[in-house]
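> Prediction below, plus the sequence it came from.
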Amino acid sequence: MTHSPTPSSAQAKVLLVDDHPIVRQGLEQMINDSADLHVCGQAADTQEALKAVRDLAPDVVVLDISLKDRSGIDFIKEIHEVKPGLPVLVLSMHDETLQAERALRAGARGYIMKQEATEQVLTAIRRVLSGDIHLSDKMATRMLHQLVDNKKAPQTLSPLNTLTNRELEIFTLIGQGMGPREIATNLTLSVKTVEAHREHIKQKLAVKSANELIRHAMQFVMDQKSDKSV
């Protein structure tokens with residue numbers, strides 16, 4: 001964990017939680033260039049992040065959901081156990097279509113893609129600090145349609161929505177061409193645990209073989225890339 005000099009009383013304190021140092025440094029420079037925000041600390045994993053929440057008393061946490069030691073979405077609940085009501089903004093490279101709703105259900109106040117322009121990231125931080133929820137216009141519209149569409153039966157939803165956060169993370173890595181050992185290393189899990197998750201994913205998606213699972217996962221990743229380019 002690293003912490004920065006004490007901000008002025010007029011600046012909101014921002015805690016960055018991301019396991020990529022270059023990303024954290026870029027975010028820190030961008031945030032500190034604004035007059036009303038200041039990065040009070042950085043954390044690379046959940047243990048460092050919890051200590052920073054306790055010691056630095058940030059006003060907002062900017063959190064990547066793909067941390068090496070665990071899912072960032074699951075970690076949001078733990079942040080709120082330490083400091084109830086602390087606003088969390090998820091900043092992620094993962095497509096919002098499946099992940100944004102999961103993040104909000106876990107207690108996040110907003111979701112924004114890392115590819116967004118600098119000003120959009122700063123706007124998102126300010127909005128969650130003010131008590132509002134931040135989503136892209138596309139995602140907000142999608143979620144509003146879901147709320148007003150009372151005729152949509154649960155069984156018509158995509159089977160992907162039945163996956164847990166960890167299962168969706170593993171499914172995505174499978175689609176990126178990773179095998180069980182590589183996934184285990186990437187997520188700091190045992191190969192046995194990854195294999196167990198793979199079996200659960202196969203059952204939920206009704207696929208019968210490993211090759212079929214890989215095909216589905218690769219198609220999913222391709223579809224996500226296609227959606228981002230639109």
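It's in.
> Which stretches in this protein count as helices?
21-32, 46-56, 72-82, 96-106, 118-129, 137-148, 165-175, 180-187, 191-205, 210-229 (DSSP state H).
> worst average pLDDT in the ones you listed?
For those, mean pLDDT drops lowest on helix 137-148, to a mean of 70.
> circling back: tell me which of the helices of the chain sits nearest to residue 64.
Smallest distance to residue 64 across those (CB to CB): 5.7 Å, for helix 72-82. Just so you know, the C-beta spots here come from the backbone N, C-alpha and C atoms, and that holds for glycine as well.
> what residues does that closest one touch?
17, 46, 49-50, 53-54, 61, 63-67, 86, 88, 90, 92, 99, 102-103, 106-108, 165-166 (CB atoms under 8 Å, 6 or more residues apart in numbering).
> Among these, name the buried ones.
17, 46, 49-50, 53, 61, 63-67, 86, 88, 90, 92, 99, 102-103, 106-108, 165-166 (16 or more other CB atoms under 10 Å).
> centroid residue for this structure?
Geometric centre of the chain, nearest residue: residue 65, 2.9 Å, by CA atoms, centre = their mean.
> tell me the pLDDT at it?
For residue 65, the predicted pLDDT is 83.
> For the residue nearest to it when sequence neighbours are not counted, give its distance to residue 170.
Of all residues not flanking residue 65 in the chain, residue 72 sits nearest, at 3.5 Å (CB to CB, 6 or more residues apart in numbering). Going from residue 72 to residue 170 by CB to CB, to the nearest Å gives 15 Å.
> neighbour count winner among the two?
Taking neighbours as other CB atoms under 10 Å, residue 72 and residue 170 compare with residue 72 leading, 29 against 26.
> Perfect, I'm done here.
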